[in-house]
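1. quick one, what's the 3D model for this:
(one chain, ligands or ions: 1)
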Amino acid sequence: MMIDLIKCHGSGNDFLLIDEMGRDYGFTEESRAELAKSLCNRETELGADGILFILSSTKADARMRVFNSDGSEASMCGNGLRCAGRYICEKLGVNEAIVETMKANLQVKKEADIFPGVPTYNVEISPVSFRLEDLPLKLDQEELIQQKIPGLSSELIFSALAVPNPHLVAIVDNEQVESDLQKELSEKVNGLNEWFPDGVNVSFIKLLEKGKIYVRTFERGVGFTNACGTAMSSSSLVTCLIGENQFEKKISVYNNGGMVQCVVHKVADRFTIDLIGNATYLYKATVDPESQKVIEKQGYSEQEAYQHLREHAQTVLSAK
Ligand SMILES: N[C@H](CCC[C@H](N)C(=O)O)C(=O)O
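-> Numbering: from 1, shown residues only. Here you go, the predicted model:
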């Protein structure tokens, strides 16, 4: 059976969005994983960091499942939720909705354009946990906030959190960003290792100035991506915890795909993060899942406006 999809991206983190609401493709757990591996393969005509499956929900307006390009399913995807949120809001003819994800029903809301002509959505990143068992991270302690992991790195100071997918973040300097440190470290903790049995998304953070950070992420199940929404949210939270940024204030998070904004909320000892950024459609296509052949393709004209945002972001970064 042919599959209709939309190629979309959040801050250059790109996805294939497949709407199953009212359409029975007969996917099984195995076929979803296989489809992610085959259609996301950058050697084919499509290629992407993952697939967003949109399904009906009994608990919310709709449901999103996200599969990485290696076929693994993740509990959450921030950039993907903005794209899914836009799709669901436009389908239902509303400006905000609730989307069921693996561990939480999350709010998505249309926002004013973050840059002229760039469709912009605000998504709730939650629940947040610093308990190491929620990643999981196997260490003989409850939490890891701004501490070393003996045996993993002699120089980096890490924080570990689940939002709810797992993140390991470190504030680094230019030299560390330019080295192979992040690649080596990420491959170690996403292979057979003593710390992260399910792997982990690994982010390097550079503090640019108050209210501005740069984040680069090696994603579990994908590799280096232009941006990772849950990682940028996690990184923003950690910079607030250490006093480098302020809770409740917009933080501009620059990345290799452009820029998003995060607002970190702290209520008692609970945290949630608003992730605000583009949800850009590139094209819609009909594809034969067997051959991965694209039967027809129709472009959208949004990427040009997004490109201006990306160029602005790169100007800011090159000035740092
Ligand atoms: N690779 C992630 C899932 C995708 C998250 C990322 N694309 C985002 O925007 O949050 C994981 O396995 O936890």
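
2. wait, L241 sits on L161?
-> No: using C-beta atoms under 8 Å, L241 is not in contact with L161, being 9.6 Å away. The way it works is simple: take the backbone N, C-alpha and C, and place the C-beta from them, glycine included.

3. for C262, give the beta-bridge partners.
-> For C262, the beta-bridge partners are I251, L275 (DSSP bridges).

4. any idea how far G93 lies from N122?
-> Going from G93 to N122 by C-beta to C-beta, to the nearest Å gives 18 Å.

5. how about D61: what's its closest non-neighbour residue?
-> A97 (4.1 Å; C-beta to C-beta, 6 or more residues apart in numbering).

6. report the beta-bridge partners for the one you found.
-> Under the criterion used (DSSP bridges), A97 bridges to V108.

7. report the contact partners of it.
-> 60-62, 85, 88-89, 107-108 (C-beta atoms under 8 Å, 6 or more residues apart in numbering).

8. buried subset of the residues you listed, written for ChimeraX?
-> To isolate the buried members of the contacts of A97 in ChimeraX, using 16 or more other C-beta atoms under 10 Å:
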select :60,61,62,85,88,89,107,108
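
9. out of the contacts of A97, who's nearest S186?
-> Among the contacts of A97, G85 lies closest to S186 (C-beta to C-beta), at 28.1 Å.

10. sec struct for that closest one, please.
-> helix (DSSP: H, G, I helix; E, B strand; the rest coil).

11. how about the one 3 residues further on?
-> I88 carries the three-state label helix when classified by three-state DSSP.

12. need the contacts of A97 in CSV (columns: distance to the ligand and pLDDT).
-> Formatted as CSV, these follow (distance: C-beta to the nearest ligand atom, whole Å; pLDDT from 0 to 100):
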residue, distance to the ligand, pLDDT
A60, 19, 98
D61, 20, 98
A62, 18, 98
G85, 12, 98
I88, 17, 98
C89, 18, 98
Q107, 16, 98
V108, 14, 98
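
13. and which of the contacts of A97 is nearest to F218?
-> Checking the contacts of A97 one by one against F218 (C-beta to C-beta), the nearest turns out to be G85, at 25.3 Å.

14. what sits against the closest one?
-> 97, 99, 108-109, 121, 123, 279.

15. repeat that for 7 Å
-> 97, 99, 108, 121, 123, 279 (C-beta atoms under 7 Å, 6 or more residues apart in numbering).

16. could you dump these into CSV and include distance to I18?
-> Formatted as CSV, the contacts of G85 follow (distance: C-beta to C-beta, whole Å):
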residue, distance to I18
A97, 18
V99, 15
V108, 18
Y121, 19
V123, 19
A279, 16
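
17. among those residues, which one sits closest to the ligand?
-> V123 (9.7 Å; C-beta to the nearest ligand atom).

18. dihedrals phi and psi, that closest one?
-> Main-chain dihedrals, V123, degrees, to the nearest 10: phi -120, psi 150.

19. what residues are up against the nearest residue to it once chain neighbours are set aside?
-> Leaving aside its sequence neighbours, V123 sits nearest to L81 (C-beta to C-beta, 6+ apart; 4.4 Å). Neighbouring residues of L81 by C-beta under 7 Å, 6+ apart: 64, 99, 106, 108, 123.

20. is it true that L81 lies in a helix?
-> Yes: using three-state DSSP, the assignment for L81 is a helix.

21. distance of it from the ligand?
-> L81 sits 8 Å away from the ligand, going by C-beta to the nearest ligand atom, to the nearest Å.

22. tell me the confidence at that residue?
-> At L81, the model reports a pLDDT of 98.

23. put together TSV for the contacts of A97, with distance to P150 on each row.
-> Shown next, in TSV, are the contacts of A97 (distance: C-beta to C-beta, whole Å):
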residue	distance to P150
A60	42
D61	46
A62	44
G85	41
I88	45
C89	47
Q107	40
V108	40
